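In: give me a 3D structure for the following:
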Amino acid sequence: MKKSGGIKIVIIGAILAALVIGYYFHLANKTQKQQEEVVESTQVQTALMRDLDKNYPPTPKEVIKYFNEITMCFYNEKYTDDELVQLAEKIQGIYDAELVANKSQEQYIEDLKNDIVEMKSNDRSVSSYQMPASTDVEFFSEDGNSCARLYCTYSIRQGTDMLQSRLVFILRQDENKRWKILGWDLDV
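Out: Below is the predicted model:
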């Protein structure tokens, strides 16, 4: 009788130990799968996840940084046509209303697609960009508006060659004190 009671305790103990070990491995694999899912987020998805209503870039430099993140997506990443339209809408969210009013949404998308096709057909991609130091942002007033000017240098890969391009950006604060891109041009 004592022997069978001892065997039952050992068997129950082994079953409980197996359940604890199995539960531990289940939790470990579940955590690992969740971490893998987070890692799989693409640059395009990251750019699209930003909620500009709640998380608008606070400085001219941060606005240009977000502009560059989306630009890198346009020219370097893979995306669907729907994602391209969403990226275009996101980037227009940091444009000044005056800049957005220059083209209809359809014309903007068409011009953007043509520019992307041209870059890719010439075997070009934006390799990297260099942002200025915060102290290199020039603030000024024009027509009663707060404005900012800053320069950004781009490294563009064409085949095996590297080209440098420097753009000057002009930003203007809107009525909500958000910095918006008014325009840009090549700095020559």
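In: helix or strand for the residue minimising distance to the centre of the chain, which one?
Out: When Cα atoms, centre = their mean is applied to the chain, the residue found nearest the centroid is A47 (2.9 Å). If you go by DSSP states H and E, A47 is part of helix 43-49.
In: from the contact counts, what lies against that helix?
Out: helix 60-76, helix 81-92 (3 or more Cβ pairs under 8 Å, 6 or more residues apart in numbering; DSSP states H and E). For every residue, glycine as well, the C-beta is placed using N, CA and C.
In: same thing but at 6 Å, please
Out: With contacts taken as 3 or more Cβ pairs under 6 Å, 6 or more residues apart in numbering; DSSP states H and E, helix 43-49 sits against helix 60-76.
In: got the residue ranges for the helices in this protein?
Out: 2-39, 43-49, 60-76, 81-92, 97-100, 105-121 (DSSP state H).
In: and of those helices, who's closest to G183?
Out: helix 97-100 (6.0 Å; Cβ to Cβ).
In: just the C-alpha atoms of the helix holding A47, please, in PDB.
Out: Written as PDB, here are the backbone C-alpha positions of helix 43-49 (Å, rounded to 0.1, in the frame of the first residue of the first chain):
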ATOM      1  CA  GLN A  43      10.400  51.400 -43.000                       C
ATOM      2  CA  VAL A  44       7.200  52.000 -45.000                       C
ATOM      3  CA  GLN A  45       5.000  50.700 -42.200                       C
ATOM      4  CA  THR A  46       6.900  52.700 -39.600                       C
ATOM      5  CA  ALA A  47       6.500  55.900 -41.600                       C
ATOM      6  CA  LEU A  48       2.800  55.200 -42.100                       C
ATOM      7  CA  MET A  49       2.200  54.500 -38.400                       C
END
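In: any idea how far Y56 lies from C152?
Out: As judged by Cβ to Cβ, to the nearest Å, Y56 and C152 stand 19 Å apart.
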